[in-house]
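> attaching a predicted model along with its sequence, questions to come.
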Amino acid sequence: MRTRRSIGVVAIAATCLAGLAAVAPAVAAEPLLTEDFSTGSAQQVPSGWAIDNENVAGMRDGWQGWTFHTTAEVVSAFGDSGDRASFGKGQGMVAVVESDLNRPATGRFDSVLWAPQTDLIEKSGAVRVRFDSHYKQGQAPQTAQLVARFDDGDPVVVQSFATNRLDESVDLTVDVPAGTDTVQVGWSYLQSSNNWFWMIDNVQISESAPAPVTPSCSRGRSPSQLPAARPG
Ligand SMILES: [Ca+2]
């Protein structure tokens, strides 16, 4: 049985639109972390990874919050309807939070999948996060966000997923505050019940040059209210 930690990450205190670079980074460092989830299972988190679950009691055994399965197992357990079978970029084991046809005993559940906290080596000012993703949007208030923690600070939102984004290779550059020693990336899936899914695979995190523009971060405001980025 997997040990589940709860460290209060559900309330994401700060909102920050990170720099999103569409161009290849100037710094081509060795990856800090790569993960294909081949060592995960329904009961086992890959070494160094962690999952924070809230209110998953009553969900299907082996499918409570983020778990690790093959896409074939997902389809076998929940059927091939609703785009579930079309994660072609996923290979072998993937990380999956399956909400459709899977609800807690009461209310909604939260689940955050955390990559290992990783030491920054070159401290080049940003990290590049790449992963393959298969996300299907559920009804409000369900949210899905890529988040990052610098050292042991509060998670900041790197990007929100708010529409269907199926079988996609995600490639984002996240500015890192000066003086930061460690980064930890998380996949936050909150306030869901019987409400579609998120699957990811082939995670790679590396150091990178920062994006050309560094947007400001703001506590307590939604990203849509952030000041416009200055022209380059
Ligand atoms: Ca895999």
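Good, I have the coordinates. Numbering: from 1, shown residues only.
> let me know the pLDDT of Gln225.
The model reports Gln225 with a pLDDT of 38.
> that should have said Arg230, apologies.
Turning to Arg230, the model gives it a pLDDT of 39.
> and the one residue sitting closest to the centre of the chain, what does it touch?
Centroid check for the chain by CA atoms, centre = their mean gives Trp187 as the closest residue, at 2.0 Å. Contact analysis of Trp187 by CB atoms under 8 Å, 6 or more residues apart in numbering lists 66, 95, 112-113, 144-147, 198, 200. Using the backbone N, CA and C atoms, a C-beta is placed for each residue, glycine as well.
> show me which residues of stretch 135-144 are buried.
Across stretch 135-144, burial judged by 16 or more other CB atoms under 10 Å covers 135-138, 142-144.
> same question, stretch 168-185
For stretch 168-185, a neighbour-count test (16+ other CB under 10 Å) marks 170, 172-176, 180, 182-185 as buried.
> and what of stretch 71-89?
71, 73-75, 77-78, 84, 87, 89.
> end-to-end on it?
End-to-end distance for stretch 71-89, by CA to CA, to the nearest Å: 10 Å.
> average model confidence for it?
For stretch 71-89, mean pLDDT rounds to 96.
> in contact with Ala144: list those residues for me.
135, 137, 160-162, 187-190, 198.
> apologies, that question was intended for Thr118.
Shown in contact with Thr118 (CB under 8 Å, 6+ apart): 32-33, 182-184, 205.
> next step: those restricted to strands.
Those of those mapping onto strands are 32-33, 182-184, 205, per DSSP state E.
> this structure against the ion: which residues are in contact?
Where the chain comes near the ion, counting by CB under 5 Å from the ion, the residues are 36-37, 91-93, 201.
> columns secondary structure and neighbour count on top of the residues you listed, output as JSON lines?
Shown next, in JSON lines, are the residues of the chain next to the ion (DSSP: H, G, I helix; E, B strand; the rest coil; neighbours: other CB atoms under 10 Å):
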{"residue": "Asp36", "secondary structure": "coil", "neighbour count": "17"}
{"residue": "Phe37", "secondary structure": "coil", "neighbour count": "23"}
{"residue": "Gln91", "secondary structure": "coil", "neighbour count": "15"}
{"residue": "Gly92", "secondary structure": "coil", "neighbour count": "13"}
{"residue": "Met93", "secondary structure": "strand", "neighbour count": "19"}
{"residue": "Asp201", "secondary structure": "strand", "neighbour count": "23"}
